[in-house]
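1. what would the 3D arrangement of this be:
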Amino acid sequence: MLIVADRFDHAIGVDTHRDTHTAVIINTANTAVVAELTVANTREGFDELILWADHHDTECRVWAVEGCGSYGRRLTRFLASLGEVVAEVERPARPKTRSGAKSDSIDAVKAGRELCGTELARVIQPRCGVERDALEIMLVTRRSAVNEAKKCVTQFHAGLVKAPEALAQRFDGLTTREKLAVALRLRPGNWADADTAAYALSLRSLARRHEYSSREAAELHKAMNNIINTWRPDLLEVPGVGVVVAATVLCAWSHPGRFRSDAAFAAFAGTAPVPSSSGPTSGNMKLNRGGDRHLNSAIYTIVLCRLRNDPDTLAYQAKRTAMGKSTRHTRRCLKRAVTRQLFKQLENHPGQT
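-> Residues are numbered from 1 along each chain as shown. Next up, the predicted model:
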């Protein structure tokens, strides 16, 4: 099995930050440090980085970039536009104590050396694609809007519990949606006492904030739906997959070939089976708490939807229950099966089988 060091002469590890990036050139033959450079996270800094790499005769090179989806996103796009080979590496674990050795250059060296010994088939390509990037930013923004709306409802009910009787009785017997609608029509100036006026003002403010956040989430949901219908409408035809779930899956998957197999995709999603003990076992597995938790949650949502109305899924659950398997065990198996189906669907172009 070939490793990165067998194909490339140099690996350039990059420790990324908001304002600066630190790069270290590693000789893949002996993992020795050739040179080090810190540049600004700007286009001028990227140009300087390329000139520096060329100056050290690193024609056959691969870039090991940390944080390709965050601080290193601009650099990753720039390198890809030049046809450079870029690999995504995870950030090293933070030291437990302040005495632990850590610096930008050390992290960059770790990234480069880690990549040198990685099998070529296991190298993870950075996420890329215009549609994917658009979905990601809208998904994050929508998630924030939804959380804000939920927070407003919680604060609204907490304030209503302590509201004066003259104000609280207006909301008796109403649903949450109806209470928010009533709060939007409140006029604090109509109340003579300052206490009731203050509660009326606060409740109306929370209702307005909830309305704005909900409208913002709905607008982003519609925009994501348009992108998915243009890019991968076939994914929405998969049972249990809606707009938010589809966007989450597409953001994690990114493009064909990023994952070498459905097993690698399952490991990334945290749905791959994890042995419950070492040594000789009976084949029992435990819950995998690693991987991309947003993707894991999306796959679990698909499973829950299918357990409501999908005949094949319900038949499988009944079969596993008859075998004496627990509900959690059955759902773990279903998550792995859904991951495999999603991977096959994603790797094939729409219309292919």
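
2. the stretch 1-150 of the chain: helices as residue ranges?
-> Counting by DSSP state H, counting those that start in this stretch, the stretch 1-150 of the chain has helices at residues 4-7, 43-55, 73-81, 104-116, 130-161.

3. what angle do the second one and helix 73-81 make?
-> In terms of direction (axes from the mean of the first three to the mean of the last three C-alpha atoms, to 10 degrees), helix 43-55 departs from helix 73-81 by 50 degrees.

4. buried ones in helix 43-55?
-> Gly45, Phe46, Leu49, Trp52, Ala53 (16 or more other C-beta atoms under 10 Å). Yep, even glycine has a C-beta here, placed from its N, CA and C like the rest.

5. from the contact counts, what lies against that helix?
-> If you count contacts as 3 or more C-beta pairs under 8 Å, 6 or more residues apart in numbering; DSSP states H and E, helix 43-55 packs onto strand 20-27, strand 32-40, helix 73-81.

6. tell me which of the ones you listed sits nearest to Glu131.
-> Smallest distance to Glu131 across the helices and strands packed on helix 43-55 (C-beta to C-beta): 14.5 Å, for helix 73-81.

7. for the closest one, name the packing helices and strands.
-> Going by 3+ C-beta pairs under 8 Å, 6+ apart, helix 73-81 lies up against helix 43-55, strand 61-66, strand 86-89.

8. and the strands in the stretch 201-350 of the chain?
-> For the stretch 201-350 of the chain, the strands defined by DSSP state E, counting those that start in this stretch cover 274-275, 285-286.

9. worst mean pLDDT among the ones you listed?
-> Lowest mean pLDDT within these: strand 285-286, at a mean of 68.

10. stretch 289-308: how far from the chain's middle?
-> Here stretch 289-308 is found 13 Å from its chain centre; the criterion is C-alpha atoms, centre = their mean, to the nearest Å.

11. list the buried residues for that stretch?
-> Buried residues in stretch 289-308, counted by 16+ other C-beta under 10 Å: Gly291, Leu295, Asn296, Ala298, Ile299, Tyr300, Thr301, Ile302, Val303, Cys305, Arg306, Leu307.

12. now do stretch 163-175
-> Ala163, Leu167, Ala168, Arg170, Phe171.

13. quick one: mean pLDDT over whichever strand or helix holds the second one.
-> Mapping Leu167 onto the secondary structure by DSSP states H and E places it in helix 165-168. For helix 165-168, the mean per-residue pLDDT is 93.

14. likewise stretch 289-306?
-> 94.

15. in PDB, list the C-alpha atoms belonging to that stretch.
-> Only the C-alpha atoms of stretch 289-306 are listed here, as PDB (Å, rounded to 0.1, in the frame of the first residue of the first chain):
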ATOM      1  CA  ARG A 289     -19.800   9.100  19.700                       C
ATOM      2  CA  GLY A 290     -17.200  10.300  17.200                       C
ATOM      3  CA  GLY A 291     -17.400  11.700  13.700                       C
ATOM      4  CA  ASP A 292     -19.400  14.600  12.400                       C
ATOM      5  CA  ARG A 293     -22.300  15.000  14.800                       C
ATOM      6  CA  HIS A 294     -24.400  17.200  12.500                       C
ATOM      7  CA  LEU A 295     -24.200  14.500   9.900                       C
ATOM      8  CA  ASN A 296     -24.900  11.800  12.500                       C
ATOM      9  CA  SER A 297     -27.900  13.700  13.600                       C
ATOM     10  CA  ALA A 298     -29.200  14.000  10.100                       C
ATOM     11  CA  ILE A 299     -28.900  10.300   9.500                       C
ATOM     12  CA  TYR A 300     -30.700   9.600  12.800                       C
ATOM     13  CA  THR A 301     -33.500  11.900  11.600                       C
ATOM     14  CA  ILE A 302     -33.800   9.800   8.500                       C
ATOM     15  CA  VAL A 303     -34.100   6.600  10.600                       C
ATOM     16  CA  LEU A 304     -36.700   8.100  12.800                       C
ATOM     17  CA  CYS A 305     -38.800   9.200   9.800                       C
ATOM     18  CA  ARG A 306     -38.600   5.800   8.200                       C
END
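
16. dump the residue contacts of the closest residue to Leu2 other than its chain neighbours.
-> Closest residue to Leu2 apart from its sequence neighbours, by C-beta to C-beta, 6 or more residues apart in numbering: Leu120 at 5.0 Å. Residues near Leu120 by C-beta atoms under 8 Å, 6 or more residues apart in numbering: Met1, Leu2, Ile3, Val4, Asp6, Arg7.

17. could you check how far Leu120 is from Gly69?
-> 22 Å (C-beta to C-beta, to the nearest Å).

18. same thing with Glu211?
-> 32 Å.

19. what's near enough to touch His56?
-> Taking C-beta under 8 Å, 6+ apart, we find His56 in contact with His10, Ile25, Val34, Ala35.

20. wouldn't the third one be in contact with Ile26 here?
-> The reference is to Val34. Yes. Between Val34 and Ile26 there is a contact under C-beta atoms under 8 Å: 6.9 Å.

21. identify the contacts common to those two.
-> Joint contacts of Val34 and Ile26 (C-beta under 8 Å, 6+ apart) are His10.

22. and the helix ranked longest in the chain, what does it pack against?
-> Determined from DSSP state H, the single longest helix within the chain is helix 194-231. With contacts taken as 3+ C-beta pairs under 8 Å, 6+ apart, helix 194-231 sits against helix 130-161, helix 165-168, helix 176-184, helix 243-253.
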